[in-house]
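Engineer: Quick one: sequence and predicted model below, then my questions.
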Amino acid sequence: MTKVITLGQFIIEKQADFPYAKGELSRLLRDIGIAAKIVNREVNKAGLVDILGDNGTTNIQGEGQKKLDVYADEQFISALRSGGECCVVASEEHDDCIFIDSHVSRNAKYIVCIDPLDGSSNIDVNVSVGTIFSIYRRTDPGGPIRLEEVLQKGTQQVAAGYVIYGSSTMLVYTTGKGVNGFTLDPSIGEFCLSHPNMRIPLDGTIYSINEGNYVKFPQGVKDYIKYCQVEEPETNRPFTSRYIGSMVADVHRNLIKGGVFLYPTTSSHPQGKLRLMYECNPLAFIIEQAGGKATDGWRRILDIQPQELHERTPIFIGSIAMVEKVEEFIQLKTVAYFQ
Ligand SMILES: O=P(O)(O)OC[C@H]1O[C@](O)(COP(=O)(O)O)[C@@H](O)[C@@H]1O
Ligand SMILES: [Mg+2]
Ligand SMILES: [Mg+2]
């Protein structure tokens, strides 16, 4: 009988890795786990409760908010507010930071950036969706919180993770010492360690991009897609195209099977579509910790200095060999173009 290790037990156990830890980060991860269970409960019965469809509101991205976007946002913020370890939340669903000034969190030193519900276009059609979170420590504890303390580079993350609400519900996270995955066992209501020390294959045969935008892509990306589709058995090509349309689910698949997820600039999204602070940085931290790579075609995602809360970036993330091939095409094309 394999020993069941719950998320709570694992977090406490791993706390020993951090000599100065006082349990605050552990409690913060616990709070996120609790909110994930509550959101999971609604996702699982979405068709039976009034949680499908549009909320009739728009967020700062100009995107229509889904009822589940708003519900998930409320659950995570309320768990972080009552948990007491978080002093400010930056959420996809709020224009500005939410400063948590409750008596329990007065001395809280953690900052959470969150995409409460990722893959909104898949909510109503019962396809995997997720939650993505990124955690930073305050840089100037004691003083009034300033936006600069939120706009830290991805390299400064102390933890990051995602929840995937799919055929099973999993929580995958890192604190900079490897990546571990936990599956929710509904019979005991606990996330249990199911994927210890996750490693992404160095190479793969899956490419993941919304080819419907092909005409809008930079030439280098178009050339890479053509490269993937060439018949050449020695290099396992043509590769397999897989695109779920929920970043969490596409990146999770590639983490397990190998592959590359691409969301480049397009003529409709000249900066890229996906958000640096609560989509790209946390997933880049996880994939790097699992032995993969994440870039914007030129720079390491984690080295980008954020300027705004909701700024976007192009992203190429996954197996090292595949991401480096994408970079080759992007940089080659660009260099040739300017000569
Ligand atoms: O429909 P597109 O343009 O392919 O975009 C899909 C991408 O947009 C997203 O849905 C954006 O995230 P949100 O759903 O959190 O806004 C990603 O999960 C996904 O990878
Ligand atoms: Mg998202
Ligand atoms: Mg979202």
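Structural biologist: Now that the structure is in, tell me what you want to look at. Numbers count the residues shown, from 1 in each chain. Ligands and ions are numbered 1, 2, ... in the order given.
Engineer: quick one, strands of the stretch 151-300 of the chain?
Structural biologist: 159-165, 169-174, 179-185, 190-195, 206-208, 240-241, 260-263, 293-295 (DSSP state E, counting those that start in this stretch).
Engineer: now those as CSV including distance to ligand 2, mean pLDDT and mean neighbour count?
Structural biologist: The C-beta positions use only the backbone N, C-alpha and C, and glycine is treated the same way. Below are those laid out as CSV (distance: least, CB to the ion, whole Å; pLDDT from 0 to 100; neighbours: other CB atoms under 10 Å):
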stretch, distance to ligand 2, mean pLDDT, mean neighbour count
strand 159-165, 10, 98, 27
strand 169-174, 15, 98, 23
strand 179-185, 19, 98, 22
strand 190-195, 21, 97, 18
strand 206-208, 15, 98, 24
strand 240-241, 21, 98, 14
strand 260-263, 10, 98, 27
strand 293-295, 15, 98, 23
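Engineer: nearest to ligand 3, of those strands?
Structural biologist: Distance to ligand 3, taken as CB to the ion, is lowest for strand 159-165 among those, at 11.5 Å.
Engineer: Next, the angle strand 179-185 makes with the lengthiest helix in the chain.
Structural biologist: Secondary structure of the chain per DSSP state H: the longest helix is helix 24-44. Interaxial angle, helix 24-44 versus strand 179-185 (axes from the mean of the first three to the mean of the last three CA atoms, to 10 degrees): 50 degrees.
Engineer: chain center to helix 24-44: distance?
Structural biologist: Centre-to-centre, helix 24-44 and its host chain are 15 Å apart (CA atoms, centre = their mean, to the nearest Å).
Engineer: Then stretch 322-330?
Structural biologist: Taking mean C-alpha positions (CA atoms, centre = their mean), stretch 322-330 and its chain are 21 Å apart.
Engineer: what pLDDT, on average, does stretch 214-226 get?
Structural biologist: For stretch 214-226, the mean pLDDT works out to 97.
Engineer: Make residue 1 into 36 and carry on from there
Structural biologist: From this message on, residue numbering opens at 36, which makes the last subject stretch 249-261.
Engineer: What residues sit buried inside it?
Structural biologist: Using 16 or more other CB atoms under 10 Å as the test for burial, stretch 249-261 gives Lys251, Phe252, Pro253, Gly255, Val256, Lys257, Asp258, Tyr259, Ile260.
Engineer: Look at the nearest residue to the fifth one once chain neighbours are set aside and report its pLDDT.
Structural biologist: Put plainly, it is Val256. Of all residues not flanking Val256 in the chain, Pro299 sits nearest, at 4.6 Å (CB to CB, 6 or more residues apart in numbering). pLDDT for Pro299: 98.
Engineer: Arg173: neighbour count?
Structural biologist: Neighbour count of Arg173, defined by other CB atoms under 10 Å: 19.
Engineer: Quick check: which element contains the residue lying closest to Asp258 once chain neighbours are set aside?
Structural biologist: Nearest residue to Asp258, sequence neighbours excluded (CB to CB, 6+ apart): Phe364, at 5.0 Å. Applying DSSP states H and E as the criterion places Phe364 in helix 355-373.
Engineer: Met312 and His345 touch, don't they?
Structural biologist: Yes - Met312 is in contact with His345 according to CB atoms under 8 Å; the separation is 7.4 Å.
Engineer: before we move on, the earlier item: what would the strands of the stretch 186-335 of the chain look like in CSV with distance to Ile73?
Structural biologist: CSV is the format used below for those (distance: least, CB to CB, whole Å):
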stretch, distance to Ile73
strand 194-200, 11
strand 204-209, 12
strand 214-220, 12
strand 225-230, 13
strand 241-243, 29
strand 275-276, 35
strand 295-298, 28
strand 328-330, 30
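Engineer: Of all those strands, which one comes closest to ligand 1?
Structural biologist: strand 295-298 (6.2 Å; CB to the nearest ligand atom).
Engineer: So which elements touch the closest one?
Structural biologist: strand 241-243, helix 282-292, strand 350-353, helix 355-373 (3 or more CB pairs under 8 Å, 6 or more residues apart in numbering; DSSP states H and E).
Engineer: follow-up on the earlier one: so Met312 and His345 - more neighbours on which side?
Structural biologist: Neighbours per residue (other CB under 10 Å) separate Met312 from His345, with Met312 holding more: 25 against 18.
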